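> Provided below for reference: sequence and predicted model.
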Amino acid sequence: MNTILKHTCSGKGEQSVRCPHCATTLIVRHGTYPRAHPHEQQLLINIQRYRCKAPACPWKTFSILPYPFLPIIRHFQQTIFFFHTLFNIEQKTQEDTARQLGVTRGIIKRLARFCHRFVPWFAREKHIGAWGPDPEVNPDHFWMDYTRDFSQAIYPMRWKMF
């Protein structure tokens, strides 16, 4: 006997995507946007966007970025560490660093400001973070936690609690 109170299995697995802000599964797909491939800049990868349907959640859209994409910034973690090595450790000029990375000096200036926040955070976090010492070891397991912690630390205004 089938009633509306009886729970029937729909055949769908549990939804694995959750809103990173309120942790609800009340989400829908909300289009895609392109990001450059980490090794071949001409190749674009489509990143899925989602819309949070929870009425109390202040975030309306979000994406779950796969490894090695970092949220908000348009550079990869490897690019940031390479820049840090060239500019801060080897003391290369902005012009030399821009030439080696293949970007403009304006991007180098923004990367310099960003690295002043990121490198100290990473040095501290790699010793205490729940995602482990290096997310590159097991990105499927650690990358989402790492990118959430990165986003909360580097861009705190985007994480105002509701």
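Alright, I've got the coordinates.
> dump the residue contacts of residue 107.
With contact set as Cβ atoms under 8 Å, 6 or more residues apart in numbering, residue 107 has these partners: 98, 101. No exception for glycine: its C-beta is placed from N, CA and C like everyone else's.
> any low-confidence regions in the chain?
Segments of the chain classed as low confidence (criterion: pLDDT under 70) are 1-15, 41, 129-136, 160-162.
> Where do the helices of it begin and end?
Assignment of helices within the chain using DSSP state H yields the ranges 77-84, 94-101, 105-128, 139-154.
> what about the ones you listed, which gets the closest to residue 27?
With respect to residue 27, and counting by Cβ to Cβ, the nearest of the helices of the chain is helix 139-154 at 14.7 Å.
> could you give the angle of the closest one to helix 105-128?
Helix 139-154 and helix 105-128 are oriented at 110 degrees to each other (axes from the mean of the first three to the mean of the last three Cα atoms, to 10 degrees).
> could you check the angle helix 77-84 makes with helix 139-154?
Compare the direction of helix 139-154 with that of helix 77-84 by the same axes, to 10 degrees and you get 50 degrees.
> Flag every buried residue along helix 139-154.
Across helix 139-154, burial judged by 16 or more other Cβ atoms under 10 Å covers 142-144, 146-151, 154.
> same thing with stretch 44-61?
Judged by neighbour count (16+ other Cβ under 10 Å), stretch 44-61 contains these buried residues: 50, 52, 54, 57, 59.
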